[in-house]
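Q: dropping a prediction and its sequence here:
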Amino acid sequence: MSLLQIDDIQGIILHGYGKLAGACFVLLRISNANQTKTWLQALDIRNATSRPGETERCMNIAFTRAGLEALGVTETIRQSFSGEFCEGMSVTEHRQRILGDVGDSSPQHWNWGGPTTPEPHMLLMLYAPNDDMLASFLSGQQAGFPRAGLEQILCLETKRLPFSKEHFGFSDGVAQPGIDGFDTDTPAHNLIAAGEFILGYANAYGQYTPRPLVLPGSDPTGILPVAADDTAQHDLGKNGSYLVFRQLSQDVPAFWQFIDEKTRGADGASHPDARLKLAAKMVGRWPSGAPLVKTPNADAPALSQDNDFLYYGSDDAYGFKCPVGAHIRRANPRDALDPEPGSARSIEVGKRHRILRRGRAYGAPVVKSMEPADVLTTDDSAGERGLHFLCFNSHIGRQFEFIQHTWVNNPKFDGLYEDDDPLIGDRNGAGQKPGGCFTMQGDPLRMRVTGLPRFVRVRGGAYFFMPGLRALRFLASLP
Ligand code: N7H
């Protein structure tokens, strides 16, 4: 039985809706708040009581700070939301540096969420079994926008790629944290306090993450629950979460061309096996999803869903199997963190920096086969494709931003010197720091690849608050 109030939590937080192949994300602005509130009151938002079946349609909703303001949330209440959320993803230079949103990834070039495009107020997330059913779901919603006092800024489409791959050709969405009190079959090293992802529950420190609370006078009809840690206040955050949304464009031809060049023999011939191995070393998993620490020399599809491993605990303290700087080892170092790598304490530290990923690919694949050899012989330099990266966390600074800044984009991560994330790193942060190297630790010799270009660029993004369903009713009934 779940210890979480799953009937009050929006479904996409706890379930990935993996069976629903169609998905789109609609960015909206509120032009008439009263109409929008009436619309919100009648909205059929999917909760988390059950995982949707293959024939269902689901809708979820989230708001930016500007959206809350447009709905009439007072300044005092708005200030009780997280600092990162209030400040926004794209506004300050400091945050642009933290996130690596520099050069041609800087917000001034973004398609949405930046200073040159209308600021989104709301995100409507629609999911359906297939693209046709999604199209009718979307057009039904769109028909109601004018009466709901809403203007559509953009509808971001997604695409289910062949073989459940992402654009570089790897299985994505394999490793997710297990949520304590909800997930039952997760190994203890991967079981994370619910309060790390859902507000109003104890977090990895055994405390309540700061969240929006309101005085009872602001909630006269008592829609909101009393805060568990402060009975003088009502909990607007309870069962909600912060949603990080970044549109990340992937340069697939550049990725495979670079790897192909670096693995050619002295005679200039390509080496498909060496190519695949270098790419797998960069990711930390093989294309099937099999983790390198369990199968360092060849893909093993039987292990494609395997997430039950540690690094020191897999006899890979030095990164001989999965390089220290590989994408998955940086994004979640498991038991490799100071002060005592390989210990229970290291795992506890790691549990404070986890995210729940809910992203979807967008754009057509370069080739339907998803094979590197076919990518290399196809001319598709102009194609726009990538990942709508979405993740949930209860503390944006300590979770998403920490991962991005202290691990992904940090050239000195875990004893390295000038290596940022080989897959998604910002390289040298527009000349601010070293970057663009990838080291594969080895005995007796390590190997280094240098001159990595940026393969992933940012095209848009924003921080959202996804309220619990009672909190949504509260927002819809604001005066
Ligand atoms: Fe990453 N990729 O598809 O190649 N990621 N990621 N990611 N990522 C992972 O376990 C990818 C991005 C994490 O617990 C896999 O799902 C791409 C950002 C985390 O072992 C693959 C992009 C951030 C994990 C990819 C991208 C993260 C993870 C292995 C951008 C956070 C789990 C399969 C276009 C700041 C780590 C899997 C763990 C895994 C890919 C972005 C984080 C294949 C293409 C921005 C926490």
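A: Perfect, thanks for sending it.
Q: what residues does this protein have near the ligand?
A: 166, 168, 170-175, 248, 250, 283, 285, 289, 327-328, 331-332, 355, 386-387, 389, 400, 403-404, 408, 423-424, 456 (C-beta under 6 Å from any ligand atom). Yep, even glycine has a C-beta here, placed from its N, CA and C like the rest.
Q: now restrict these to buried residues only.
A: Buried members of those, scored by 16 or more other C-beta atoms under 10 Å, are 166, 168, 170-172, 174-175, 248, 250, 283, 285, 289, 327-328, 331-332, 355, 386-387, 389, 400, 403-404, 408, 423-424, 456.
Q: so, low pLDDT: which residues of the stretch 351-479 of the chain?
A: The stretch 351-479 of the chain contains residues with pLDDT under 70 at 381, 429-431.
Q: hmm, I typed the wrong one, I wanted the chain.
A: Within the chain, the segments meeting pLDDT under 70 span 1-2, 381, 429-431.
Q: which residues of it fall in helices?
A: In the chain, the segments counted as helices under DSSP state H are 11-14, 33-42, 65-71, 75-79, 83-87, 93-99, 131-144, 252-262, 272-283, 327-331, 344-350, 372-376, 402, 469-476.
Q: mind checking which of these is nearest Asn428?
A: Smallest distance to Asn428 across those (C-beta to C-beta): 12.2 Å, for helix 93-99.
Q: how about the CA coordinates for that closest one, as CSV?
A: Extracted C-alpha coordinates of helix 93-99, given in CSV (Å, rounded to 0.1, in the frame of the first residue of the first chain):
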residue,chain,number,x,y,z
GLU,A,93,23.7,35.5,-15.9
HIS,A,94,24.6,33.5,-12.8
ARG,A,95,22.1,30.8,-13.6
GLN,A,96,23.1,30.8,-17.3
ARG,A,97,26.6,30.0,-16.2
ILE,A,98,25.5,27.4,-13.7
LEU,A,99,23.4,25.6,-16.3
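Q: still on that earlier bit, can you redo the helices of the chain as CSV with distance to Cys58?
A: Formatted as CSV, these follow (distance: least, C-beta to C-beta, whole Å):
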stretch, distance to Cys58
helix 11-14, 6
helix 33-42, 16
helix 65-71, 21
helix 75-79, 28
helix 83-87, 24
helix 93-99, 29
helix 131-144, 9
helix 252-262, 30
helix 272-283, 30
helix 327-331, 27
helix 344-350, 31
helix 372-376, 33
helix 402, 30
helix 469-476, 13
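Q: ok, which of the ones you listed comes nearest Thr184?
A: Taking those one by one with C-beta to C-beta, helix 11-14 is closest: 12.9 Å.
Q: restrict that closest one to CA atoms and write it as CSV.
A: C-alpha atoms of helix 11-14 as CSV (Å, rounded to 0.1, in the frame of the first residue of the first chain):
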residue,chain,number,x,y,z
GLY,A,11,0.0,11.1,-12.3
ILE,A,12,3.0,12.0,-14.4
ILE,A,13,5.1,12.5,-11.3
LEU,A,14,4.9,8.9,-10.1
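Q: so what touches it?
A: 4, 6, 17, 46-48, 52, 58, 60, 125, 127, 179, 182, 197-198, 241, 356, 358, 392, 466 (C-beta atoms under 8 Å, 6 or more residues apart in numbering).
Q: let's see which of those end up in strands.
A: Among these, the ones falling in strands (DSSP state E) are Cys58, Asn60, Met125, Tyr127, Ile179, Ser241, Leu356, Phe392, Met466.
Q: what's near enough to touch the residue lying closest to Asn409 once chain neighbours are set aside?
A: Using C-beta to C-beta, 6 or more residues apart in numbering and skipping residues adjacent in sequence, the residue nearest Asn409 is Gly100, 4.7 Å away. Listed by C-beta under 8 Å, 6+ apart, the contact set of Gly100 reads Gln404, His405, Val408, Asn409, Gly425, Asp426, Gly429, Val458.
Q: may I ask which of these has the most neighbours?
A: Val458 (30 neighbours; other C-beta atoms under 10 Å).
Q: who's it bridged to?
A: Beta-bridge partners for Val458, by DSSP bridges, are Leu248.
Q: that one against Leu248, yeah?
A: Yes. With contact defined as C-beta atoms under 8 Å, Val458 reaches Leu248; the gap is 6.2 Å.
Q: quick one: stretch 211-220 to chain centroid distance?
A: Here stretch 211-220 shows a centroid-to-chain-centroid distance of 30 Å under the convention C-alpha atoms, centre = their mean, to the nearest Å.
Q: who touches it?
A: 74, 77, 80-82, 199-200, 222, 224, 227, 230, 232-238, 240, 394, 465, 474.
Q: would you mind giving the ones in strands among the contacts of helix 11-14 as a markdown table with neighbour count added?
A: Converted to a markdown table, those look like this (neighbours: other C-beta atoms under 10 Å):
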| residue | neighbour count |
| --- | --- |
| Cys58 | 21 |
| Asn60 | 23 |
| Met125 | 27 |
| Tyr127 | 26 |
| Ile179 | 24 |
| Ser241 | 27 |
| Leu356 | 22 |
| Phe392 | 25 |
| Met466 | 25 |
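Q: among the residues of the chain next to the ligand, which ones are in strands?
A: Short answer: the residues of the chain next to the ligand in strands (DSSP E) are Leu248, Gln250, Gly386, Leu387, Phe389, Val456.
Q: ok, the residue nearest to the last one when sequence neighbours are not counted to Gly319 distance?
A: Same thing as Val456. Spatial nearest neighbour of Val456, excluding adjacent residues (C-beta to C-beta, 6+ apart): Ile424 at 4.4 Å. Per C-beta to C-beta, to the nearest Å, Ile424 is found 19 Å from Gly319.
Q: now swap in Gly200 and tell me
A: On the measure of C-beta to C-beta, Gly200 and Gly319 end up 39 Å apart.
Q: can I see the domain layout of the protein?
A: When the chain is parsed with automatic domain parsing, its domains come out as 6-245+461-476, 251-356+371-380+403-459.
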